[in-house]
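**Student:** what follows is a protein structure lacking sequence information:
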């Protein structure tokens with residue numbers, strides 16, 4: 001009996017997010033600061049993108065590793081409740097579920113305190129050729145956060161995917177200053193869409209200009225590169241186009257998961273045969289919707305809501321060539 005077929009397989013990091021609603025200031029040593037609420041929520045690139053895609057009526061499965069603990073059970077239950085297939089989620093008996101404390105201060109960017117946990121065990125080899133063949137898009141999120149998955153495993157996985165006609169999509173998490181080229185050089189030639197943000201791209205490339213960042217990744221083999229730039233929009237580059245997209249303007253509450261929502265919108269466009277410009281429009285809309293509520297997925301639009309949002313809000317997209 002073959003595997004159930006999916007539109008998208010999301011592989012990579014799965015996290016239990018502990019999110020505080022916006023506070024007025026960071027507490028000093030020994031100080032107690034109150035917040036309107038603290039929430040436990042699904043987090044991690046693979047989990048966020050999977051949930052966002054499920055909201056868009058995409059048939060989606062997730063592959064990753066969680067701990068054999070209460071947080072591992074929580075994230076699996078929440079993923080399944082959202083409509084994500086968790087058959088490929090493995091429970092570790094030696095590592096706890098990855099967790100992130102997300103601190104929101106009014107008027108400031110998010111702060112994160114993170115433990116890699118069970119995600120450190122995800123090598124990429126857990127995703128079999130049979131699993132790849134069962135999907136149309138293979139998304140790997142959170143790459144570069146830890147030593148695993150290795151560049152060799154990811155490059156081979158993406159190579160197999162493309163041989164089978166599966167579109168490969170890559171996103172990264174960059175924890176600090178380091179040399180990330182050994183992780184990326186073997187993988188980018190097998191990557192159809194690479195979706196880093198401008199801060200991550202700056203650390204990797206040393207370039208501050210998003211256009212030059214995109215060019216560096218494209219030169220190393222990534223077919224399409226989209227540099228997301230938060231409130232400054234996004235810069236997509238491919239063989240056929242170099243564009244600049246504005247950002248949708250919405251009321252900002254919490255930026256957690258906005259990049260993952262952008263990825264999900266872009267993937268939704270790919271699955272529906274949309275043009276690069278249309279994929280960009282969908283990504284921008286879904287990313288913007290995410291920041292309206294606390295948590296990585298709570299505010300993300302459903303499929304009908306996304307269509308209405310896009311129809312009612314023209315977005316300026318300019319060719320830079």
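**Tutor:** Cool, got the structure. Nothing here was measured: the structure is a model prediction, and the numbers come from that model. Numbers count the residues shown, from 1 in each chain.
**Student:** so who does residue 159 touch?
**Tutor:** Shown in contact with residue 159 (C-beta atoms under 8 Å, 6 or more residues apart in numbering): residue 190. For the C-beta atoms, the positions are set from N, CA and C on the backbone; glycine is no exception.
**Student:** ok, now residue 148?
**Tutor:** Counting by C-beta under 8 Å, 6+ apart, residue 148 has contacts 120-124.
**Student:** now do residue 285
**Tutor:** With C-beta under 8 Å, 6+ apart, residue 285 has these contacts: 248, 265, 301, 306, 309-310, 313, 315.
**Student:** now swap in residue 184 and tell me
**Tutor:** Counting by C-beta under 8 Å, 6+ apart, residue 184 has contacts 144, 151, 172, 204, 217, 220.
**Student:** one more time with 10 Å
**Tutor:** 143-144, 151, 154-155, 170, 172, 191, 194, 196, 204-205, 216-217, 220-222 (C-beta atoms under 10 Å, 6 or more residues apart in numbering).
**Student:** returning to that earlier point: now, the contacts of residue 148 that are in strands?
**Tutor:** In strands, judged by DSSP state E, none of the contacts of residue 148 are found.
**Student:** could I have the buried ones of those residues as ChimeraX selection syntax?
**Tutor:** Per 16 or more other C-beta atoms under 10 Å, the buried members of these correspond to this ChimeraX selection:
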select :120,121,122,124
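**Student:** so what pLDDT did the residue nearest to the spatial centre of the chain get?
**Tutor:** Among the residues of the chain, the one closest to the centroid is residue 260, at 3.3 Å (C-alpha atoms, centre = their mean). Note on residue 260: pLDDT of 98.
**Student:** next one: it from residue 300, what distance?
**Tutor:** 9 Å (C-beta to C-beta, to the nearest Å).
**Student:** between these two, what contacts are shared?
**Tutor:** Taking C-beta under 10 Å, 6+ apart as the contact rule, residue 260 and residue 300 both touch 48, 51-52, 286-287, 290.
**Student:** residue 106: which of those residues is nearest?
**Tutor:** For those, the residue nearest residue 106 by C-beta to C-beta is residue 290; the value is 18.0 Å.
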